[in-house]
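Peer 1: for reference, the sequence and a predicted model appear below.
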Amino acid sequence: MTKTAPSETGLAAKADWEAALRGDRAAFQAIVTPHLKELFEAARRELQYRVAIGDLGPDDLTPEELAGEVLIRAWQDRHRRPPGLGTRTWLLALLFRVVDDIVRREARFRNLARVSLEAQVPAEPVYDDDESFWEWYQPDEMTRWEDVVQDRSSRTPEQAAAAAEAFTRSLDPRARHVFLLVEVYRVPLPEAAMALGLSLPEAARRLADAERQVKPEGEGQTE
């Protein structure tokens, strides 16, 4: 009996996904619901990062709004989900894409405002008004940034702070995304590469670049 449960779970998930592809929103919600708490926390951390580097203002967007935007994008792009890519990884990668889109949109708005303060900004919302995918989700207590930026070697608080600073100031965006998926969210590198649209060698190179920058000075050195 215990050996049949994973198979049955896999068959149910496959059935739900096929139903979602046909337009069944309830089936889609059943697929994404197990990942919502982590998605919300990831959205919160991503917003902290974007505010820290000046891409967004502290009042531009909330984690709930960002998570809702990701779910809307997931529904709209469900037919583009790569075969074999897990739901969790797919949602995390979509989070990065959605934030990038929002930041670009905000930059265009700011540029328009600088050109002419009297010109009307296009009536394009920062996020979609359709809340049907996340209004039913009430997030539990949020995990702090310090609690989650831990690599496989279990950094000390001082090392975690150094890593967070490296995230904020120095990482190339794509390298940062690979690092987050592999080291923070524990996604296998081949799956992370697929989710980000990178070749495996390119993803490995970007991960190595990120690890060199995030690694605290002197870590791993021996006397």
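Peer 2: Ah, there it is.
Peer 1: list the buried residues in stretch 45-60.
Peer 2: Buried residues in stretch 45-60, counted by 16 or more other Cβ atoms under 10 Å: R45, E46, L47, Q48, Y49, R50, V51, D55, L56, D60. Placement of C-beta: from N, CA and C, glycine included.
Peer 1: tell me how far the fourth one lies from G23.
Peer 2: For Q48, the distance to G23 under the criterion Cβ to Cβ, to the nearest Å works out to 35 Å.
Peer 1: do the first one as well
Peer 2: Between R45 and G23 the computed distance is 32 Å (Cβ to Cβ).
Peer 1: who's in contact with W17?
Peer 2: The contact partners of W17, by Cβ atoms under 8 Å, 6 or more residues apart in numbering, come to A27, I31.
Peer 1: now do it, the pLDDT please.
Peer 2: W17 carries a pLDDT value of 93.
Peer 1: helix/strand/coil for it?
Peer 2: Classification of W17 by DSSP: H, G, I helix; E, B strand; the rest coil places it in helix.
Peer 1: kindly report the same for G23.
Peer 2: Classification of G23 using three-state DSSP returns coil.
Peer 1: what about it, neighbour count?
Peer 2: Each residue near G23 was counted by other Cβ atoms under 10 Å, and the total is 10.
Peer 1: shaky segments in the protein?
Peer 2: For the chain, the stretches flagged by pLDDT under 70 are 1-9, 109-170, 215-223.
Peer 1: secondary structure added to the buried residues of stretch 45-60, as a markdown table?
Peer 2: Below are the buried residues of stretch 45-60 laid out as a markdown table (three-state DSSP):
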| residue | secondary structure |
| --- | --- |
| R45 | helix |
| E46 | helix |
| L47 | helix |
| Q48 | helix |
| Y49 | helix |
| R50 | helix |
| V51 | helix |
| D55 | coil |
| L56 | coil |
| D60 | coil |
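Peer 1: could you dump the residues you listed to TSV with distance to D16?
Peer 2: As requested, the buried residues of stretch 45-60 are exported to TSV (distance: Cβ to Cβ, whole Å):
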residue	distance to D16
R45	28
E46	27
L47	30
Q48	33
Y49	32
R50	32
V51	36
D55	35
L56	34
D60	34
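Peer 1: out of these, who's nearest L66?
Peer 2: L47 (6.2 Å; Cβ to Cβ).
Peer 1: which ones are touching that closest one?
Peer 2: Going by Cβ under 8 Å, 6+ apart, L47 touches L56, L61, T62, P63, L66, V99.
Peer 1: does the fifth one touch E46 like I think?
Peer 2: Looking back up the chat, that one is L66. Yes: if you go by Cβ atoms under 8 Å, L66 and E46 touch, sitting 7.1 Å apart.
Peer 1: anything in contact with each of the two?
Peer 2: Common neighbours of L66 and E46 (Cβ under 8 Å, 6+ apart) are L95, V99.
Peer 1: which one (most neighbours) among the contacts of L47?
Peer 2: L66 (27 neighbours).
Peer 1: which element is that residue on?
Peer 2: Per DSSP states H and E: L66 is located in helix 63-76.
Peer 1: only the C-alpha atoms, please, for that helix, written as CSV.
Peer 2: Presented in CSV, the C-alpha positions along helix 63-76 are these (Å, rounded to 0.1, in the frame of the first residue of the first chain):
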residue,chain,number,x,y,z
PRO,A,63,4.1,40.4,-1.4
GLU,A,64,0.5,39.4,-1.7
GLU,A,65,0.1,41.4,-4.9
LEU,A,66,3.3,40.0,-6.4
ALA,A,67,2.3,36.4,-5.5
GLY,A,68,-1.1,37.1,-7.1
GLU,A,69,0.6,38.4,-10.3
VAL,A,70,2.7,35.3,-10.5
LEU,A,71,-0.3,33.0,-10.2
ILE,A,72,-2.1,35.0,-12.9
ARG,A,73,0.9,34.7,-15.1
ALA,A,74,1.1,30.9,-14.4
TRP,A,75,-2.5,30.5,-15.4
GLN,A,76,-2.0,32.5,-18.6
